[in-house]
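1. here is a sequence together with a model predicted from it:
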Amino acid sequence: MNLIVFPVILNLFSAFLIALLWKKSKIYSGIACLCFSLLSLISVILLGKYVFQNQYILYYVGGWEIPIGITLMVDALSYIFLLVLNFILPLICWFSLTYMGKYVKSSYFYILFSLISTGLNGILISMDFFNIYVFLEISSIASYILVAFGLKTEELEASLKYTMLGFIGSVLILVSIGLILGKTGTLNIADFMNIAIGMDRIQLWFILGLFISGLALKTALFPFHFWLPDAHSLAPSPVSAILSGIFIKITGFYLLIRIVSNIFIMFSESKIIVMGLGLSSMIFGALMAIDQKDIKRTYAYSSISQIGYCALALGIGGYWGYLGAILHFIFHSLSKSLLFLNSGAIEYKYKTTKIDDLKGIEDKMPYTTMTGFVGMLSIAGIPPFGCFWSKIIIIISAIKAHYYGIAFIAVVVSIITLGYFLKLLRNIFYSKDENPKINEVNFNLLMPMVLLSIIIFLGGLIFSPNIKIYIDKAVSVMENFSYAQIMEK
């Protein structure tokens, strides 16, 4: 069996086994989920050798080739997303072993965790519109339930809002897929691209518009962001880490890359739309994050702002724009996952994430403070942390494209980001508090944060030509790859 299918099968098998054997055991369900997540990571690492030796690798399910059967594909771009996803997931699962213990039915969390992992991995390997949609819905439905996992009134309300807006996004995407099937008679992406050459441009623009609108909702780009602040701030912290760190990047941003750069390549104007969405998201998210009263809500609005950087870079395009988009995805995914786990560690000890109720954390939780410090400075773009390089490259890409005003705005938004993070550090970490009861979190909560901090620091420090070679291959996919090439071979 081809290694491509392993990340999907392993996580789906994990959900099945936990539901069948260990749904009454918090310990065994968590350990099983962690083990299968690690196996999925190992399979992705092994897959990398074959991906970078070739332009891409294909797997025809059941031996049925294009356009009849289901085709799976991994290239350098999808591989980087796969690697980041499957590196972060085991760390979140490890953190959850302790954090989710406070919930009565925490074993069900691991079933849903495995399902959302299945869906996200499936999106990244699918080369068929309908299969992408199926995996998108598997991960989305699991995320709707996870947001409401605590069953508090505000969590149920946030989940309901998220579900309704997520449903609208899914309908927009499904309608666009239905139009593709009706007009071309195929759902295979490569086959569609060959047939689309002869289609009416107005019809193609309408389909593309539906796709962009649906994916903008999934990505939470302004003004499609309504669901994100409540969903990310009220969900259990491991769920927030999944949603902000990787979920919106894959269900929205990754698919947006594919739609704009690799599928509807005949409409270069679509990048202007994406750039506008990214720019407005950067500004809105940063301004809204300034005066929030809850740590997680600050991080949620920060996510809107930072995903805006990714969309902006994608819209600018070219080598530097695409390089900045990929790097910002990598380092923001790591940094935001770290910050939401960090807020979970604080909540675990203080029973709150309200900024006014948190004081003097540095004295009581020095290692947690250190990891929060790394995550905040990274996202703010302070050297040598990873997001410094991605933001510098995005600014360079704007200057090279003669978008001088946009480059200036990107710098200003980064300064605003640094400002509200410094305010947060001063108010909750380095303030004074005489409460002697709080102490450092345990090993299971601390180590995932420490490992993420080390990767973020080293990733920025040793951003070397050897690493850049592999990222350049992903950039090449965004610049030059078309699914139609597969049909020509």
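-> Arrived safely. Residues are numbered from 1 along each chain as shown.

2. residue 217 and residue 164: what is the separation?
-> 11 Å (Cβ to Cβ, to the nearest Å). Every C-beta, even on glycine, is put in place using the N, C-alpha and C of the backbone.

3. kindly report the same for residue 283.
-> Using Cβ to Cβ, one obtains 26 Å as the distance from residue 283 to residue 164.

4. which of those two has more neighbours?
-> Ranked by neighbour count (other Cβ atoms under 10 Å), residue 283 and residue 164 place residue 283 first, with 19 against 12.

5. so what's the more buried one up against?
-> By Cβ atoms under 8 Å, 6 or more residues apart in numbering, the contact set of residue 283 is 305, 308, 409, 413.

6. wait, what's in contact with the last one?
-> So that's residue 413. By Cβ under 8 Å, 6+ apart, the residues touching residue 413 are 282-283, 286, 305.

7. in strands only, show me those residues.
-> Among the contacts of residue 413, no member falls in strands (criterion: DSSP state E).

8. show residues contacting the helix or strand harbouring residue 203.
-> If you go by DSSP states H and E, residue 203 is part of helix 201-219. The contact list for helix 201-219, computed with Cβ under 8 Å, 6+ apart, reads 136, 140, 165-166, 168-173, 175-176, 179-180, 183, 196, 224, 227, 248-249, 251-253, 255-256, 259-260, 264, 266-267, 270, 273-274, 277, 307, 311.

9. my read: residue 336 touches residue 376, true?
-> No: shown here, residue 336 and residue 376 do not form a contact pair, counting by Cβ atoms under 8 Å, at 10.5 Å.

10. more neighbours: these two, which one.
-> Comparing residue 336 with residue 376 by other Cβ under 10 Å, the one with more neighbours is residue 336, at 30 against 26.

11. give me the element the more buried one is part of.
-> helix 318-350.

12. can you say which two of the contacts of residue 413 are spatially most distant?
-> Using Cβ to Cβ, the two most remote members of the contacts of residue 413 are 283 and 305, lying 7.7 Å apart.

13. by mean pLDDT, flag the weakest helix or strand of this structure.
-> Using mean pLDDT, DSSP states H and E, helix 484-488 stands out as the lowest-scoring helix or strand of the chain, at a mean of 65.

14. which of the contacts of residue 283 lies closest to residue 341?
-> For the contacts of residue 283, the closest approach to residue 341 (Cβ to Cβ) belongs to residue 305, at 19.7 Å.

15. run through the protein and note the low-pLDDT ranges.
-> Scanning the chain for pLDDT under 70 picks out the ranges 1, 62-68, 433-436, 462-467, 487-489.

16. mind listing what's buried in whichever strand or helix holds residue 408?
-> Here residue 408, judged by DSSP H and E, is contained in helix 404-424. By neighbour count with 16 or more other Cβ atoms under 10 Å, helix 404-424 contains the buried residues 406-407, 409-410, 413-414, 416-418, 420-421, 424.

17. out of the residues you listed, the closest to residue 103 would be?
-> Nearest to residue 103 among the buried residues of helix 404-424, with distances taken as Cβ to Cβ, is residue 424, at 26.9 Å.

18. for the closest one, which non-adjacent residue is spatially closest?
-> Among residues not flanking residue 424 along the chain, residue 298 sits closest, at 6.3 Å (Cβ to Cβ, 6 or more residues apart in numbering).

19. now do residue 431
-> In this structure, residue 431 finds its nearest non-sequential neighbour in residue 359, 4.7 Å apart by Cβ to Cβ, 6+ apart.

20. go ahead and confirm that neighbour touches residue 429.
-> No: applying Cβ under 8 Å as the test, residue 359 and residue 429 come out as separate, 9.2 Å apart.

21. about what we covered before: name the member of the contacts of residue 413 with the most neighbours.
-> In terms of neighbours by other Cβ under 10 Å, those top out with residue 282 at 29 neighbours.
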